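[1] return a 3D structure for these sequence lines:
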Amino acid sequence: MSGKKRGVRWETALSLAVILGLGLTLGGCAAATVGEVKQKGPIVLQPVQPQPDASKIKSGLAVYYFRNLYKSIYEIPKGKYMLMEGKPGPPLAQLNRKFKLDEPVFDSGRSEGVGMYIYGYIRFPKPGEYLFRAKANDGVRLILSGQLILNDPTVHGDRITGPTMVTIPEAGLYEFQMFYYQRHATARLELHWRTPDLQDFQPVPAEAYAHLPGKPPVE
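    Okay, here's the model as predicted:
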């Protein structure tokens, strides 16, 4: 076989290898989960102890609003700065909204440049394994019982974040925290779960959310 033929065959084989490798890489990217939380083992959540007085608990989630054109979820104020820069709003009955262009985001009074810290409790009706995912535009970060569940911090259009599975040892109220921001144009914030009794994801229902009036933010 001549050196020229060997060279042609080698170049052909190399090209095929590159194409195959590129296809595998792209396939891997397509299969990757946005906002995926790396788990070394099951995320086991612990309920609030002691459980809040049922007579003092109210429906919905508490919320603080911020005014800024955020580029990352990590820019939203925390701790004492949250209380200084944020403005509390009426409780949110549910996290299942898509906002049109120029439509105010929840009760913020603004359609753009909105940051939110949402907190309170989420009620799990029974023990078992639950899957969570979010559909958001822009960034979203979910923390349950102090553990990171969903994290999609950058500016982006409507897209699904997750899912992440958690193990619930017993029914009851669990600590809930969410950071969210909308930068420009349209906005969306939805939180879905798949309970042990569901075959597919559904929006977390309003009856699952609760808060204690007057309780300051956890952060």
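
[2] quick check: beta-bridge partners of the residue lying closest to F201 once chain neighbours are set aside?
    Spatial nearest neighbour of F201, chain neighbours left out: H192 (4.2 Å); criterion: C-beta to C-beta, 6 or more residues apart in numbering. For the C-beta atoms, the positions are set from N, CA and C on the backbone; glycine is no exception. Going by DSSP bridges, H192 is paired in beta bridges with R133, P203.

[3] what sits against H192?
    By C-beta atoms under 8 Å, 6 or more residues apart in numbering, the contact set of H192 is F132, R133, A134, K135, F201, Q202, P203, V204.

[4] now with 6 Å, please.
    If a contact means C-beta atoms under 6 Å, 6 or more residues apart in numbering, then H192 has R133, F201, P203 as its contacts.

[5] can you get me a residue count around the second one?
    Translated: F201. 19 (other C-beta atoms under 10 Å).

[6] go ahead and confirm it touches R194.
    Yes: counting by C-beta atoms under 6 Å, F201 touches R194, with 5.0 Å between them.

[7] nearest to Y181 among the contacts of H192?
    R133 (18.5 Å; C-beta to C-beta).

[8] got the contact list for that closest one?
    I160, G162, P163, H192 are the contacts of R133 under C-beta under 6 Å, 6+ apart.

[9] quick one: strands adjacent to the host helix or strand of the first one?
    Spelled out, that is I160. Counting by DSSP states H and E, the element that carries I160 is strand 159-168. When pairing is defined by DSSP bridges, strand 159-168 lines up against strand 43-44 (parallel), strand 128-137 (antiparallel).

[10] quick check: pLDDT value at the residue nearest to A187 when sequence neighbours are not counted.
    Excluding its sequence neighbours, the residue lying closest to A187 (C-beta to C-beta, 6+ apart) is F99, at 4.2 Å. Per-residue pLDDT puts F99 at 94.

[11] could you report the neighbour count for F99?
    18.

[12] equivalent analysis for T154, please.
    Counted with other C-beta under 10 Å, T154 comes out at 11.

[13] re the thing from before, next, find the distance separating the residue nearest to F201 from P90.
    Going from H192 to P90 by C-beta to C-beta, to the nearest Å gives 23 Å.
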